[in-house]
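Engineer: let's see this in three dimensions:
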Amino acid sequence: MIANGSAIFARARAVLAGGVDSPVRSGWAVGGEPFVQARGAGAYAYDPAGRRYIDYLMAYGPLLLGHGHPALTQGLEAVLAAGAVFGSTHESEITLAERIRTHLPSMERLRFTTTGSEAVAGAIRVARAFTGRDAILKFAGNYHGHFDLALLDAGASAHTSDAARSGIPRSVTRDLAVARYNDLADVDRALDDLGDRLAAIVVEPIVGNMGLVFPREGFLAGLIARAHARGALVIFDEVITWLRFGLAGAQGRLGCTPDLTTIGKILGGGLPLAAFGGRSDVMAMLAPDGPCFTGGTHAGNPFSVALGHRVLDFLEARSVYAAMNARAMRLAAAIRELLAERSLDYAVLHAESIVDFKFRPGPPTMNYDDARAADKRAFAAFYHAMRERGILLAPSQNEVMFLSTEHTDADVEATVLAIAGSLDAIRAQGMI
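Structural biologist: Predicted coordinates for the structure are as follows:
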């Protein structure tokens, strides 16, 4: 007999802190019973009872090729047989670094890590070592991982505005300034407060963690100019955007070159694989050439690196982006029509394989203040209504809808019908 989701989660609460290994999985932002997944296949997630859902969570972005794509999963026994982890340098990681640099030439030198959190932490450490300064400027609503400095006022589902209660030391917050995204005047305020202590500005060039948010014209260039005028660096967090926005990432799309870049998520096809890198003179601060240490037993391990090669093999050999973009564009257009028919003035955003809308009337989200103004109760009701109709969304309005190469036109049509029914259902409940 297959246990249902409630029974499985009850067991989880007895052994896992909060019943989960990442808080968003508990569905605390939407209430109700959390989703428990038994398996995934292509564009679909399956619950323990075997019910199929069209999956727009896609593991929060990395599954660009969907669940279990044969290009990634076939022949893995041979890869494992050669060794899953060495503890030594191997040629495959060198070749993968060369391939990444071909697409992201700003990454003149790079170092592999296991997670995006580690990549951003490493980039910040090397920026501090290079500049000899401590202070970092970040943006409210930008999520850079779960280490202390990154979490304060982060996007995604972090909920860490109260540093003391979140376990973030006061010593960390003294070296951190948080500014409003898309607001250079607020950046100047924060920089004035930091004075000559600024080591780096870290930013999502296109934000995917408070919904989909695009930078205003001149915003990123303004950050780079301000940082360089103070002898500081700019770090682009492209953990979500690289490969989601094509092989050149957000920096190629926007024509802005950072000093350091962090990548991950999609690179490993769902396995732990990330990296940070940038200017060769900055990266020369890393040991063994310099005094700054980052490393890890699993960093650049041959199994994850092999998956990285397979992801790039697939994306370099096929024209998949146009089809994903067209499908996502059709979904966004259909959502706009549904909202207009119901006189709901919600902005619908689309870029490449990402679609997003918030339960907030007015123009698109520009900063975290806009994102936090969205109606949480309406989204929670919508989330559960969509789940009832076989559509799996992220259980947080700060997230977006991720499509994959495996989503079909039929999936989009089914999703549109589900959105129409869900909007009508929550309207009947008086939510919108």
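
Engineer: packing partners for the helix or strand bottoming out on mean pLDDT in the chain?
Structural biologist: Lowest mean confidence among the helices and strands of the chain (mean pLDDT, DSSP states H and E): helix 148-151, at a mean of 73. Packing partners of helix 148-151 (3 or more C-beta pairs under 8 Å, 6 or more residues apart in numbering; DSSP states H and E): helix 116-131, strand 135-139. Where you see a C-beta, it was placed from the backbone N, CA and C, and this is true even at glycine.

Engineer: what's the closest of those to residue 363?
Structural biologist: strand 135-139 (18.8 Å; C-beta to C-beta).

Engineer: my read is that residue 230 contacts residue 198, right?
Structural biologist: Yes. The criterion here is C-beta atoms under 8 Å, and residue 230 meets it with residue 198 at 5.3 Å.

Engineer: so between those two, which is more surrounded?
Structural biologist: A count of neighbours by other C-beta atoms under 10 Å puts residue 198 above the other of residue 230 and residue 198, at 25 against 18.

Engineer: which ones are touching the closest residue to that one other than its chain neighbours?
Structural biologist: Once flanking residues are discounted, residue 198 sits nearest to residue 232: 4.4 Å by C-beta to C-beta, 6 or more residues apart in numbering. Residue 232 makes contacts with 127, 131, 133, 198-201, as judged by C-beta atoms under 8 Å, 6 or more residues apart in numbering.

Engineer: okay, residue 232 and residue 194: tell me how far apart.
Structural biologist: Going from residue 232 to residue 194 by C-beta to C-beta, to the nearest Å gives 9 Å.

Engineer: any idea which of the contacts of residue 232 is closest to residue 143?
Structural biologist: Checking these one by one against residue 143 (C-beta to C-beta), the nearest turns out to be residue 201, at 15.7 Å.

Engineer: wait, is that closest one part of a helix?
Structural biologist: No. Counting by DSSP: H, G, I helix; E, B strand; the rest coil, residue 201 is not found in a helix; it is strand.

Engineer: now for it, how many residues are close by?
Structural biologist: Residue 201 has 28 nearby residues by other C-beta under 10 Å.

Engineer: so it touches residue 225, yeah?
Structural biologist: No. Taking contacts as C-beta under 8 Å, residue 201 lies outside contact range of residue 225: 10.8 Å.

Engineer: any idea how far apart the tips of stretch 312-331 sit?
Structural biologist: Stretch 312-331 has its terminal residues 27 Å apart, counting by C-alpha to C-alpha, to the nearest Å.

Engineer: counting neighbours, what do you get for residue 195?
Structural biologist: Residue 195, neighbours per other C-beta under 10 Å, totals 9.

Engineer: three-state assignment of it?
Structural biologist: helix.

Engineer: please report the distance of it from residue 309.
Structural biologist: Distance from residue 195 to residue 309, by C-beta to C-beta: 45 Å.

Engineer: now swap in residue 214 and tell me
Structural biologist: Taking C-beta to C-beta, one finds residue 214 at 31 Å from residue 309.

Engineer: could you do residue 14 as well?
Structural biologist: 41 Å.

Engineer: of those two, which one has the most company?
Structural biologist: residue 309 (15 against 7).

Engineer: let me see the contact set for that one.
Structural biologist: 92, 95-96, 99.

Engineer: same check on residue 214?
Structural biologist: 206-207, 349, 351, 364.

Engineer: do residue 307 as well
Structural biologist: 72, 268-271, 273.

Engineer: repeat that for 7 Å
Structural biologist: Contact analysis of residue 307 by C-beta atoms under 7 Å, 6 or more residues apart in numbering lists 72, 268-269, 271, 273.

Engineer: would you convert those into a markdown table that also reports pLDDT, secondary structure and neighbour count?
Structural biologist: What follows is the contacts of residue 307, written out as a markdown table (pLDDT from 0 to 100; DSSP: H, G, I helix; E, B strand; the rest coil; neighbours: other C-beta atoms under 10 Å):
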| residue | pLDDT | secondary structure | neighbour count |
| --- | --- | --- | --- |
| 72 | 96 | helix | 22 |
| 268 | 94 | helix | 22 |
| 269 | 93 | strand | 27 |
| 271 | 92 | strand | 17 |
| 273 | 97 | coil | 31 |
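
Engineer: can you list the weak-confidence ranges in the stretch 1-150 of the chain?
Structural biologist: Applying pLDDT under 70 to the stretch 1-150 of the chain flags residues 1-3.

Engineer: now the helices: where do they sit in it?
Structural biologist: With DSSP state H, counting those that start in this stretch as the criterion, the stretch 1-150 of the chain has helices at 5-15, 70-73, 76-81, 91-103, 116-131, 148-151.

Engineer: what do you get for the stretch 301-432 of the chain?
Structural biologist: Going by DSSP H, counting those that start in this stretch, the stretch 301-432 of the chain shows helices at 302-317, 321-341, 368-372, 376-388, 409-428.

Engineer: same list, these, but as JSON lines with mean pLDDT and distance to residue 175 please.
Structural biologist: Shown next, in JSON lines, are these (pLDDT from 0 to 100; distance: least, C-beta to C-beta, whole Å):
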{"stretch": "helix 302-317", "mean pLDDT": "97", "distance to residue 175": "32"}
{"stretch": "helix 321-341", "mean pLDDT": "98", "distance to residue 175": "39"}
{"stretch": "helix 368-372", "mean pLDDT": "95", "distance to residue 175": "21"}
{"stretch": "helix 376-388", "mean pLDDT": "98", "distance to residue 175": "32"}
{"stretch": "helix 409-428", "mean pLDDT": "98", "distance to residue 175": "44"}
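
Engineer: nearest approach to residue 140 belongs to which of these?
Structural biologist: helix 368-372 (3.9 Å).

Engineer: can you tell me the closest non-neighbouring residue to residue 404?
Structural biologist: Nearest one to residue 404, counting by C-beta to C-beta, 6+ apart, is residue 66 at 4.1 Å.

Engineer: gap between that neighbour and residue 92?
Structural biologist: Distance from residue 66 to residue 92, by C-beta to C-beta: 24 Å.

Engineer: among those two, which residue is more densely surrounded?
Structural biologist: It is residue 66, of residue 66 and residue 92, that has more neighbours when counted by other C-beta under 10 Å, with 21 against 18.

Engineer: surely residue 205 meets residue 219?
Structural biologist: No. Using C-beta atoms under 7 Å, residue 205 is not in contact with residue 219; the gap is 9.3 Å.

Engineer: can you get me a residue count around the nearest residue to residue 31 once chain neighbours are set aside?
Structural biologist: Nearest residue to residue 31, sequence neighbours excluded (C-beta to C-beta, 6+ apart): residue 380, at 5.8 Å. Close neighbours of residue 380, defined as other C-beta under 10 Å, add up to 21.

Engineer: please shift the residue numbers so they start at 45 in all later answers.
Structural biologist: Done: numbering now begins at 45, and the last item shifts to residue 424.
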